[in-house]
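Student: Structure of the sequence below:
(one chain, ligands or ions: 2)
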Amino acid sequence: MPTLVMKFGGTSVATLDRIRRAAKRVGVEVSKGYDVIVIVSAMSGETNKLVGYVNETSPLYDAREYDAIVSSGENVTAGLMALTLQEMDVPARSWQGWQVPVRTNDAHAAARIEEIPTDNINGKFGEGMKVAIVAGFQGIGPDGRITTLGRGGSDTTAVAFAAAFGAERCDIYTDVDGVYTTDPRITDKARKLDKISFEEMLELASLGAKVLQTRSVELAMRYKVKLRVLSSFEEQSDEAGTLVCEEEEVMENRPVSGIAFSRDESKMTLVSVADRPGIAAAIFGPLSDAGVNVDMIIQNIAEEGRTDMTFSCPIDQVKRAEQALNGAKEAGDINYHDLVADTEVAKISAVGIGMRSQSGVAAKMFKTLSDEGVNIKVIATSEIKISVLVDRKYMELAVQALHDAFELEKA
Ligand code: ASP
Ligand code: MG
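Tutor: Ligands and ions are numbered 1, 2, ... in the order given. Got it, this is the predicted structure:
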């Protein structure tokens, strides 16, 4: 039997009614002759609620207990989905991550999947079971404790299962009908893309377009898993949604495919650090050890042997960053006059594989922002993206202006 992976996000399983609706879609695929592996998220809002409990109880929590708590939302939806399918006379069974087992490394709260043995679930398919429902987002670490894969991790669970089971396709059901040129809530000119390359999707995902977890796209690219993003609220057709696929399959050739943004950024500056060999390692080593995801980095020109070092990181990691840097200062590893955090910034990025062959994209981006009077605080580029940090209050304006400038509303 061919295998299909279907993943339902939080809004698609938010109520018993929606679970029923999702189960019907699963039933349709079963009737086409597929063995289906369903990956579920927690009911929408549930994981946030659990994370809130953790933070309120223990701000600098033990990550093992964080995982024990926040993974629980998916256990509920997996069981409910199994019961719903059974009520429809579809033979179905649920699995929690450890039961499969989804083996991960020991990076609690941000674990990576290392192995998914298929014998357990395939054995049940052999006995006539039609649908295996697996709780997304969770696994089991080398120490035998529950791990989670980072927020949005059930996308990664889905792709990893599709790869492990050689699934024909991995369908990601969500509350939007595909991947857009930018968030339609920011501009109604945003347009749905029929296809997008793995590479562009990877950039968009990592830049804050929250449709897919970044890691899931990396995995799909590595294992060439055909990935489709589609809405669980609209009628299903073979054309529905956005197909994330190899570059050659995407026909459009424009310099910019999408504008991504991330609201929750902060910019931190170490004022006046000694400019000496090893200083970057002395700063960013402790930050990395503390689990701070540093993104953009700027080192200013030195004057009289001292320089300013600026970096950006997610806003909720500012405390951790401050702690790590103060610790390094107290230990005498680094020396700075001041540590300034600007928590009022947002990151905006233009992404497109066409940038590799077309010039002038950066110039056009900067000119557009300047025409709108938006000041750029930090710039970073890669082969297929240009990112800037701007004051958060100008974020929407900047996204709209760039979407217009690159004419993304036109197919
Ligand atoms: N429920 C988890 C979260 O919100 C995982 C997921 O839905 O993908 O991050
Ligand atoms: Mg998600």
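
Student: residues in contact with Lys192?
Tutor: By CB atoms under 8 Å, 6 or more residues apart in numbering, the residues touching Lys192 are 177-180, 242. Heads up, the C-betas are built off the backbone N, CA and C, glycines and all.

Student: redo that, cut-off 6 Å
Tutor: Residues in contact with Lys192 (CB atoms under 6 Å, 6 or more residues apart in numbering) are 178, 180.

Student: now do Thr343
Tutor: 266, 315.

Student: Right, and ligand 2 sits closest to which residue of the stretch 51-200 of the chain?
Tutor: Of all residues in the stretch 51-200 of the chain, Gly152 sits closest to ligand 2, at 4.2 Å by CB to the ion.

Student: Then that residue would be within a helix, right?
Tutor: No: per DSSP: H, G, I helix; E, B strand; the rest coil, Gly152 lies outside any helix segment and is coil.

Student: Who's the closest spatial neighbour of it, skipping the chain neighbours?
Tutor: Gln213 (3.7 Å; CB to CB, 6 or more residues apart in numbering).

Student: Which pLDDT does the model give the one you found?
Tutor: Looking at Gln213, its pLDDT is 93.

Student: That one: neighbour count?
Tutor: Neighbours of Gln213 under the rule other CB atoms under 10 Å: 24.

Student: cool, Lys367 as well?
Tutor: Neighbours around Lys367, by other CB under 10 Å: 12.

Student: one step back: how near is the residue nearest to Gly152 to Tyr173?
Tutor: Applying CB to CB, to the nearest Å, the value for Gln213 to Tyr173 is 15 Å.

Student: With Phe284 instead?
Tutor: 39 Å.

Student: Looking at these two, which one has more neighbours?
Tutor: Neighbour count, other CB under 10 Å: between Phe284 and Tyr173, Tyr173 has more, with 26 against 16.

Student: Test my guess that the more buried one contacts Glu234.
Tutor: No: look at Tyr173 against Glu234 with CB atoms under 6 Å: they stay out of range, at 10.1 Å.

Student: Could you pull out the buried residues of the longest strand seen in the chain?
Tutor: If you go by DSSP state E, the chain has its longest strand at strand 258-274. Neighbour-count burial for strand 258-274 flags 258-262, 265-270, 272-273 (criterion: 16 or more other CB atoms under 10 Å).

Student: Can you list the strands that that strand pairs with?
Tutor: As defined by DSSP bridges, the strand partners of strand 258-274 come to strand 306-314 (antiparallel), strand 338-351 (antiparallel).

Student: Reformat those strands as a markdown table; add mean pLDDT and distance to ligand 1.
Tutor: Listed next are the strands paired with strand 258-274 as a markdown table, based on pLDDT from 0 to 100; distance: least, CB to the nearest ligand atom, whole Å:
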| stretch | mean pLDDT | distance to ligand 1 |
| --- | --- | --- |
| strand 306-314 | 95 | 14 |
| strand 338-351 | 97 | 20 |
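
Student: Ok, which of these comes nearest Glu218?
Tutor: strand 338-351 (15.5 Å; CB to CB).

Student: Do me a favour and average the pLDDT over the next helix-or-strand element following the closest one.
Tutor: Downstream of strand 338-351, the next assigned helix or strand under DSSP states H and E is helix 361-371. In this model, helix 361-371 has a mean pLDDT of 97.

Student: among the strands paired with strand 258-274, which is nearest ligand 2?
Tutor: Using CB to the ion, those put strand 306-314 closest to ligand 2, at 16.7 Å.

Student: ok, is stretch 140-156 in contact with ligand 1 or not?
Tutor: Yes: Stretch 140-156 lies within reach of ligand 1 by CB under 6 Å from any ligand atom, at 151-155.

Student: The buried residues of strand 258-274: which two are farthest apart?
Tutor: Largest separation among the buried residues of strand 258-274 by CB to CB: Gly258 and Ser272, giving 38.8 Å.

Student: before we move on, the earlier item: I'd like the strands paired with strand 258-274 as TSV, with distance to Met88 appended.
Tutor: Output for these, formatted as TSV (distance: least, CB to CB, whole Å):
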stretch	distance to Met88
strand 306-314	42
strand 338-351	41
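
Student: Which per-residue confidence value corresponds to the residue of the stretch 251-400 of the chain found nearest ligand 1?
Tutor: Relative to ligand 1, the nearest point of the stretch 251-400 of the chain is Asp316 (13.8 Å; CB to the nearest ligand atom). Note for Asp316: predicted pLDDT of 93.

Student: Could you do Ser206 as well?
Tutor: 77.

Student: I'd like to know how many residues surround it.
Tutor: Neighbour count for Ser206, taken as other CB under 10 Å: 19.

Student: what residues are up against it?
Tutor: Thr214.

Student: Next, give phi and psi for it.
Tutor: phi -70, psi -20 (degrees, to the nearest 10).

Student: where's it relative to ligand 2, distance?
Tutor: 14 Å (CB to the ion, to the nearest Å).

Student: Give me the contacts around the helix or strand that contains Arg320.
Tutor: Applying DSSP H and E as the criterion places Arg320 in helix 318-330. Applying CB under 6 Å, 6+ apart, the contact partners of helix 318-330 are 266, 268, 286-287, 290, 292, 313, 334, 339, 341.

Student: hang on, the earlier thing: can I get the buried residues of strand 258-274 in a markdown table including pLDDT?
Tutor: As requested, the buried residues of strand 258-274 are exported to a markdown table (pLDDT from 0 to 100):
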| residue | pLDDT |
| --- | --- |
| Gly258 | 95 |
| Ile259 | 96 |
| Ala260 | 93 |
| Phe261 | 94 |
| Ser262 | 91 |
| Glu265 | 95 |
| Ser266 | 97 |
| Lys267 | 97 |
| Met268 | 97 |
| Thr269 | 97 |
| Leu270 | 97 |
| Ser272 | 96 |
| Val273 | 95 |
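
Student: where along the stretch 1-150 of the chain do the helices fall?
Tutor: In the stretch 1-150 of the chain, the helices defined using DSSP state H, counting those that start in this stretch lie at 16-31, 46-57, 63-70, 72-87, 119-126.

Student: now the fourth one and helix 46-57, what's the angle there?
Tutor: If I follow you right, that is helix 72-87. Put simply, helix 72-87 runs at 150 degrees to helix 46-57, going by axes from the mean of the first three to the mean of the last three CA atoms, to 10 degrees.
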